[in-house]
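A.B. asks: need a 3D model of the sequence below.
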Amino acid sequence: MAFSANSQNETDALRYSYLNYNGTARYAGLGGAMGALGADMSAISMNPAGMGRYSRSDFSFTGDFTFTNSKGSYDDNTLNGNKANFNMTNIGAVFVKPFSFEDATLWKYFQFGITSSRTNDFHSKTFIEGKNNKSLITSYTNNLNDNNTPLGDLSDFYEGLAFDASLLYFDSLSGVYTPWYNENDAEILQTKKTVTRGAQYQTDIVFSGNYNGKLYVGGSIGFPRIRYNTSSTYNEEFLKVDSILDTEGFTMKEDISTEGSGFNMKLGLIYAPFKFLRVGLAAHTPTWYTLTDQYTTQFTSDFTDNTYDAIEPSPDGTYDYRLKTPGRVMGSVALLYKKRGFLTFEYEYVDYANSKFKNAFDDVSSDPDNFNDENKVSNTIYQGASIIKAGAEVRVTNLWTVRGGYTYYGSPIKDAYAKVDASRTNISAGIGFKNRDFSIDITYLRSKWKEESYLYDPSLVSLTETTKTLNNFMVTAGFRF
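C.D. replies: Presented below is the predicted three-dimensional model:
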């Protein structure tokens with residue numbers, strides 16, 4: 001669906017809208033279905049009313065080891081890529097103020113908290129290899145000829161570099177661009193290595209209250225941040241070299257980094273009509289981001305006549321813009337059996353078609369409709385999707401518990417535009433120890449999904465299907481005071 005480009009597009013919008021909360025080990029171990037339970041540093045990021053469940057002040061932090069496997073399939077050829085990473089996925093503190101028993105009020109506690117959770121993990125390494133008879137350079141010349149692009153208007157990052165590296169030819173009389181290889185008799189070995197790094201995090205400032213031990217309400221102000229980097233090396237080796245159009249091969253290196261921060265708000269409540277039942281509701285506003293992209297590219301060409309071999313780097317590119325990602329709503333229910341265990345379920349809805357790019361605040365020179373095409377594409381191919389979560393926990397002794405969880409993310413892509421099933425599943429299991437002043441939780445989570453992409457123009461190249469598996473091992477330590 002997407003192919004390489006440095007401009008902002010629907011793939012970027014989905015990347016930052018499609019959140020996969022990790023956070024604390026207990027939260028992950030229960031599949032994230034803690035909206036009706038609360039009393040967890042990650043749970044209060046989803047439903048701030050959950051902080052109302054705290055009756056003592058609390059501090060906790062979570063460490064996470066991640067191992068990602070990516071299987072890239074292109075031209076009936078599959079290659080594996082692996083990447084490991086260690087992160088601090090959550091840290092937070094809650095401060096509890098009891099109301100005086102002498103006060104004529106049914107409010108029992110007031111809480112204030114600050115928590116930071118990782119909401120996306122971008123670390124991966126992917127390898128792709130296959131053969132084709134049409135080069136990336138053909139996609140460039142087709143685009144230039146279709147738009148009658150003057151030679152002086154070539155991109156400093158793509159077509160212009162290819163021209164400077166002698167990979168395409170311009171006939172000044174006819175105004176036609178031609179790739180410098182024999183398009184009628186080509187066999188090209190194409191390889192691509194892509195390494196991505198970074199994450200999304202959200203810091204929430206949360207307020208909540210406990211009314212008579214039955215109603216818990218809360219709200220938060222959120223400050224999400226993004227750090228994303230992708231570095232790719234794309235290579236073409238021409239297995240049939242023409243005596244005149246003598247390109248033997250070329251390499252394109254591309255580095256893109258995105259950094260920025262945003263703002264959102266959340267409201268929630270939990271109601272406990274009976275000792276065995278809790279019901280939770282929460283709503284999140286859209287998130288408004290201010291982002292900056294920095295990017296560079298480089299072409300290296302190789303010819304039979306080495307006189308024309310070249311290394312052509314781009315200038316450093318920078319672009320500021322804004323992005324609004326969709327809000328979400330969720331409902332949850334927990335069924336408790338005395339103090340021995342519980343079942344918990346949660347439903348969440350997100351409309352991924354509601355993402356929207358805008359110019360930067362200080363960019364008064366650009367067309368206010370600059371992102372119309374990109375926003376129309378997002379609105380056309382993306383859809384509203386359900387996220388279903390379930391978890392269970394059993395207390396095996398007074399101090400030890402075991403738990404398990406499952407999460408299903410519905411596909412954000414409409415069936416008419418999806419070549420692969422873009423849904424995602426998380427399966428998790430864990431154990432926990434808790435006494436009066438200290439707790440420790442350990443969880444293993446396995447997440448699996450598929451992505452689709454194209455090396456360049458989809459009319460010239462076959463689909464690349466990437467299957468990704470994310471393995472998380474996380475430990476949370478908590479201290480009450």
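A.B. asks: just list whatever residues bridge to Lys468.
C.D. replies: Ser70, Trp449 (DSSP bridges).
A.B. asks: contacting residues around it?
C.D. replies: 68-71, 124, 448-451 (Cβ atoms under 8 Å, 6 or more residues apart in numbering). The C-beta positions use only the backbone N, C-alpha and C, and glycine is treated the same way.
A.B. asks: for this protein, what's the longest strand?
C.D. replies: Ranked by number of residues, the top strand in the chain under DSSP state E is strand 247-274.
A.B. asks: how much space between Gly218 and Leu79?
C.D. replies: 47 Å (Cβ to Cβ, to the nearest Å).
A.B. asks: more neighbours, those two?
C.D. replies: Higher neighbour count among Gly218 and Leu79: Gly218, with 26 against 17, using other Cβ atoms under 10 Å.
A.B. asks: what's opposite Thr401 in the beta bridge?
C.D. replies: Here Thr401, judged by DSSP bridges, has bridge partners Arg395, Gly432.
A.B. asks: count the neighbours of it for me.
C.D. replies: 21.
A.B. asks: check Tyr181 too.
C.D. replies: Neighbour tally, Tyr181, other Cβ under 10 Å: 26.
A.B. asks: how about it: what's its closest non-neighbour residue?
C.D. replies: Thr247 (4.5 Å; Cβ to Cβ, 6 or more residues apart in numbering).
A.B. asks: the one you found: what's it in contact with?
C.D. replies: 167, 180-181, 238, 241, 301-303.
A.B. asks: hmm, back to that, what comes up buried for the longest strand of the chain?
C.D. replies: Buried residues in strand 247-274, counted by 16 or more other Cβ atoms under 10 Å: 247-258, 260-262, 264-272.
A.B. asks: list the strands paired with that strand, with their directions.
C.D. replies: Applying DSSP bridges, one finds strand 247-274 paired with strand 215-238 (antiparallel), strand 277-284 (antiparallel), strand 287-303 (antiparallel).
A.B. asks: of the ones you listed, which is nearest Arg118?
C.D. replies: With Cβ to Cβ, the closest approach to Arg118 among the strands paired with strand 247-274 belongs to strand 215-238: 10.6 Å.
A.B. asks: in the closest one, what counts as buried?
C.D. replies: Buried, per 16+ other Cβ under 10 Å, within strand 215-238: 215-220, 222, 224-226, 228-230, 232, 234-238.
A.B. asks: mind putting the strands paired with strand 247-274 into a markdown table with distance to Arg424?
C.D. replies: Formatted as a markdown table, these follow (distance: least, Cβ to Cβ, whole Å):
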| stretch | distance to Arg424 |
| --- | --- |
| strand 215-238 | 18 |
| strand 277-284 | 19 |
| strand 287-303 | 20 |
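A.B. asks: distance of Ser332 from Ser45?
C.D. replies: In terms of Cβ to Cβ, Ser332 sits 14 Å off from Ser45.
A.B. asks: give me the three-state assignment for Phe127.
C.D. replies: strand (DSSP: H, G, I helix; E, B strand; the rest coil).
A.B. asks: actually, Phe207.
C.D. replies: Assigned with three-state DSSP, Phe207 falls in the strand class.
A.B. asks: my guess is it meets Pro48, correct?
C.D. replies: Yes - shown here, Phe207 and Pro48 form a contact pair, counting by Cβ atoms under 8 Å, at 7.4 Å.
A.B. asks: the more surrounded of these two?
C.D. replies: Counted by other Cβ under 10 Å, Phe207 and Pro48 do not tie: Pro48 has more neighbours, with 33 against 16.
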